[in-house]
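Colleague: model the following, please.
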Amino acid sequence: MDITFLEIVMLLVAGFFGGIINTLAGGGSNLTMPALMVMGMPADVANATNRLGVFLQALTGVAKFNQQDKLPKNDLKAILIPSLVGGLVGALIAVWAPLWLLKPLLLGTMLSMAAAMLFFPGMIPDGNQQPLKVSESRWGFWGLFIAGVYGGFVQAGVGFVLIAVLAGSLNYDLVRANALKLLCTIGFTLVALLVFIYQGLVVWSFGLILSVGFIAGALAGVRFAITVSAKTMRKALFTLTLFACIAVYL
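Modeller: A predicted model of the protein is given here:
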């Protein structure tokens, strides 16, 4: 696909704000996925191309959280395994889903997740208790697996699912839950990305440009991770997602 100067600017801007939102909590793909579809990409190609930027943004975010000693490391294997397996399952579902179903399903999922975050803010607990190991939590393993399936399938809004599991089921505080969320994102996004590359669905020129914006957004997002208002972010995310989804059908 040929790319215009205006599309380059759109990708950089969408990637930048998407990277900030993904790093602060989740849902940045609610902006970047519709942006790619507005540029004429089929839903499956946009879904695949978006993963390149998400993967590089998550790598950047994890590195910055680790520099600030905010990345818990005592239970990483148990946290990563279910999310990796789930990511493979979700990516295969995305590849096999029929195109006529995939586009409304992706957009509907993104809009529903944004609405849930806006109207039910309590779905993201504070997680201020002593963290639990996955083996000590009743729902931790399956929550991470389901988050992996969702992330492998659609990506958009998966950060909030992961935070609900990491903070709600495993009792991590929100800063450390965000760091672990990005680490899980690296895992299942890499699995999904390899599947999509094998299927020839990634448009590299668009994906690499989007990645530049994502990385810049991740760097900014880590810096402001503690100070940004979650309430303001949820309102902005819902509004932007709604208009972006409408734009895809215009």
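Colleague: can you tell me what sits against stretch 135-149?
Modeller: Contact partners of stretch 135-149, identified using C-beta atoms under 8 Å, 6 or more residues apart in numbering, comprise 78-79, 82-87, 89-90, 93, 132-134, 158, 161-162, 164-165, 169-170, 184, 187-188. Bear in mind the C-beta positions are built from the backbone N, C-alpha and C, glycine included.
Colleague: excluding chain neighbours, what is closest to Ile21?
Modeller: Gly28 (4.0 Å; C-beta to C-beta, 6 or more residues apart in numbering).
Colleague: right, and the one you found touches Ala35 too?
Modeller: No: with contacts defined as C-beta atoms under 8 Å, Gly28 does not count as touching Ala35, sitting 10.9 Å away.
Colleague: out of those two, which sits in the more crowded spot?
Modeller: More crowded of Gly28 and Ala35, by other C-beta atoms under 10 Å: Gly28, with 32 against 25.
Colleague: circling back to that earlier point, which of the contacts of stretch 135-149 fall in helices?
Modeller: 78-79, 82-87, 89-90, 93, 158, 161-162, 184, 187-188 (DSSP state H).
Colleague: restricted to buried residues, select these in PyMOL.
Modeller: Here is the PyMOL command that picks out the buried ones among the ones in helices among the contacts of stretch 135-149, judged by 16 or more other C-beta atoms under 10 Å:
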select buried, resi 78+79+82+83+84+85+86+87+89+90+158+161+162+184+187+188
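Colleague: okay, and the helix or strand of the chain with the least pLDDT?
Modeller: Across the helices and strands of the chain, mean pLDDT, DSSP states H and E gives its lowest value to helix 230-248, namely a mean of 65.
Colleague: would you list every one of the helices in this protein?
Modeller: Along the chain, counting by DSSP H, helices occupy 5-24, 29-38, 43-67, 76-96, 99-119, 140-153, 158-163, 174-198, 204-223, 230-248.
Colleague: list of residues touching the first one?
Modeller: Helix 5-24 is contacted by residues 27-32, 35-36, 39, 53-54, 57-58, 61, 159, 178, 182, 185, 206, 209-222, 224-225, 228, 230, 233, 237 when judged by C-beta under 8 Å, 6+ apart.
Colleague: roughly how far does Pro104 sit from Ala216?
Modeller: Distance from Pro104 to Ala216, counting by C-beta to C-beta, to the nearest Å: 31 Å.
Colleague: please apply the same query to Met39.
Modeller: 20 Å.
Colleague: check Thr185 too.
Modeller: With the distance defined as C-beta to C-beta, Thr185 ends up 17 Å from Ala216.
Colleague: out of the two, which sits in the more crowded spot?
Modeller: Thr185 (29 against 18).
Colleague: re the thing from before, show me what contacts the residue nearest to Ile21?
Modeller: Counting by C-beta under 8 Å, 6+ apart, Gly28 has contacts Phe17, Gly18, Gly19, Ile20, Ile21, Asn22, Val54, Gln57, Gly159, Phe214, Gly217.
Colleague: please repeat the previous calculation with a cut-off of 6 Å.
Modeller: Taking C-beta atoms under 6 Å, 6 or more residues apart in numbering, we find Gly28 in contact with Gly18, Ile21, Asn22.
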